[in-house]
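1. this is a predicted model, with the sequence first.
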Amino acid sequence: MVALVAVLVAGAAHALVAAEPRARRVECGEEITGDVRLTADLRCPGPSGLVVAADGVEVDLDGHAITGPGLVAGRSTPSQGISVEAHDATIRGGRITGWDVGVRVGWGRSPRSAALADVRLEADGVGASVGDGSSLFVTTSLLRGNNTGITAQGQLVVDRSRVEENFTGVAVQSGEPGGPFTLRGSLVQRNNFGLMCHRPGFLVERSTFAHNDTALIASDCRPSAVLGSAFLRNGDHLWLDEPGSVTVACTLLTRSGGPEEVAVQPCGSWPGPPPGTGRPLPLR
C-alpha cells in the first residue's frame with residue numbers, strides 16, 4: 001500500500017508544477033486537449049461542463065466557478081462538471097458546484113488519473129468520484145455541502161484539505177482492482193458520516209475529526225490504520241465491524257463519542273507528531 005501511495009503522490013507532485021497555461025474563454029461541453037486558464041465563470045444548463053481529453057493537461061480555474069444545472073432527482077444522465085478522460089490531468093484554483101458529479105476521474109474499466117489543488121467542491125451530489133483502477137490526488141481543497149464529498153473505488157489521497165458539512169465526507173467503496181486510500185493533515189468536521197470504508201487499505205494520518213454524527217465507520221477494511229490524529233466531540237468516534245479491525249495509535253479520543261472498546265496504542269509505537277497537529281493549510 002505504501003509503495004502505491006508513493007507512486008500516486010510522486011505523479012501528482014509532478015503534475016502540480018507545470019508551466020502557467022494560456023488564458024482563454026471555454027464553452028460548456030468543450031473537450032480540453034491543451035493547458036488552459038479560465039477568464040470567466042462558466043454556467044452550464046446542460047449535463048456537461050468540461051472534458052479533459054488529453055494526457056498531462058492543466059485546467060487552471062483562476063478563481064472562477066464552473067456551475068452546473070443543479071441537482072434534479074431522477075435525471076437520466078448525471079451531470080458532470082469536469083470529466084477526466086486522460087492521465088495526469090491537473091485542476092486547480094476555483095469552485096465546482098451544482099453538478100451530480102463535480103469531478104469524475106475514470107469510469108468502468110477505463111483507468112484515468114488527476115490531481116486537484118485549491119479546488120472547492122460545493123453543493124454537488126458527489127464532489128469527486130474516482131473509478132476502478134484510476135487515481136486521484138486532492139490537496140489544499142474544500143469539500144463542503146455535498147451529498148458525498150468523494151467516492152473512491154480506485155486510489156485516492158486527500159492531503160491538507162477540509163471535508164465539512166456533507167452527508168458523507170469520503171466513501172471508500174469496494175472496487176476491482178481498487179487501491180489504497182490515504183487521508184493526511186486534513187480536517188473532517190460536521191458531516192453525518194465523516195469517513196465510510198468498505199474495502200481494505202486505508203491510512204488516516206495527522207488528521208482531525210470533529211463534530212461529526214459518526215466520524216469513521218469501517219467494515220471489511222482490515223488492514224487499516226489511524227495514526228497521530230484526533231477525534232473530538234463526535235456522536236460516535238469509530239464504528240467498527242469488529243474491535244481491533246483498525247489499528248489506532250498515538251490518537252486522541254475525547255470522552256464523548258465512544259465506543260470505549262477501541263484500544264489506542266501509545267505514541268511510542270508510531271514516531272510521529274502529537275495527535276491533532278496535522279492541520280489543513282488555509283485555502284486561497
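-> Nice, I can see it. Every value quoted in this text rests on a predicted model; they were computed, and no experiment measured them.

2. which residues touch Gly29?
-> Listed by CB atoms under 8 Å, 6 or more residues apart in numbering, the contact set of Gly29 reads Cys44, Gly46, Ser48, Gly49, Leu50, Val51. From N, CA and C alone the C-beta is placed, and that goes for glycine too.

3. do you know how far it is from Ala23?
-> 20 Å (CB to CB, to the nearest Å).

4. below-threshold pLDDT in the stretch 1-150 of the chain: ranges please.
-> Scanning the stretch 1-150 of the chain for pLDDT under 70 picks out 1-21, 74-75, 108-109.

5. go with 90
-> 1-25, 46, 71-78, 106-111, 132-133 (pLDDT under 90).

6. part of a strand, is Leu143?
-> Yes: membership of Leu143 in a strand is supported by DSSP: H, G, I helix; E, B strand; the rest coil.

7. pretty sure it contacts Gly127?
-> Yes: using CB atoms under 8 Å, Leu143 makes contact with Gly127 at a distance of 4.6 Å.

8. please enumerate the shared neighbours of these two.
-> By CB under 8 Å, 6+ apart, the residues touching both Leu143 and Gly127 are Leu121, Gly149, Ile150, Asn166.

9. could I get the residues you listed as JSON lines with distance to Leu216 and neighbour count?
-> Formatted as JSON lines, the shared contacts of Leu143 and Gly127 follow (distance: CB to CB, whole Å; neighbours: other CB atoms under 10 Å):
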{"residue": "Leu121", "distance to Leu216": "21", "neighbour count": "29"}
{"residue": "Gly149", "distance to Leu216": "14", "neighbour count": "34"}
{"residue": "Ile150", "distance to Leu216": "15", "neighbour count": "30"}
{"residue": "Asn166", "distance to Leu216": "14", "neighbour count": "28"}
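
10. which of those residues fall in strands?
-> Secondary structure defined by DSSP state E assigns Leu121, Gly149, Ile150 of these to strands.

11. show me what contacts Gln80?
-> Gln80 sits next to Pro47, Ser48, Gly49, Trp99, Asp100, Val101, Gly102, Val103, Arg104 when contact means CB under 8 Å, 6+ apart.

12. and the gap between the fourth one and Gly49?
-> Taking CB to CB as the criterion, Trp99 is separated from Gly49 by 7 Å.

13. more crowded one of the two?
-> Each of Trp99 and Gly49 has its neighbours counted (other CB atoms under 10 Å); Trp99 has more, 30 against 26.

14. give me the buried positions along stretch 158-167.
-> Val158, Asp159, Arg160, Ser161, Arg162, Val163, Glu164, Glu165, Asn166 (16 or more other CB atoms under 10 Å).

15. do the same with stretch 101-114
-> Result for stretch 101-114 [16+ other CB under 10 Å]: buried residues Val101, Gly102, Val103, Arg104, Val105, Gly106, Trp107, Pro111, Arg112, Ser113, Ala114.

16. and of the residues you listed, the nearest to Ala86?
-> Ala86 has its nearest neighbour among the buried residues of stretch 101-114 in Arg112, at 6.3 Å by CB to CB.

17. name the nearest residue to that closest one, ignoring sequence neighbours.
-> Gly106 (4.0 Å; CB to CB, 6 or more residues apart in numbering).

18. who's in contact with that neighbour?
-> Contacts of Gly106 by CB under 8 Å, 6+ apart are Val84, Arg112, Ser113, Val130, Gly131, Asp132, Gly133, Ser134, Gly154.

19. so which strand or helix has Ser31?
-> Heads up, residue 31 is Glu, not Ser. Using DSSP states H and E, Glu31 sits within strand 30-32.

20. next, the buried residues of that strand.
-> Residues of strand 30-32 classed as buried by neighbour count (16+ other CB under 10 Å): Ile32.

21. does Pro47 touch Ser79 like I think?
-> Yes: with contact defined as CB under 8 Å, Pro47 reaches Ser79; the gap is 4.4 Å.

22. need the shared contacts of Leu143 and Gly127 in TSV with distance to Asp55, can you?
-> Below are the shared contacts of Leu143 and Gly127 laid out as TSV (distance: CB to CB, whole Å):
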residue	distance to Asp55
Leu121	23
Gly149	27
Ile150	23
Asn166	31
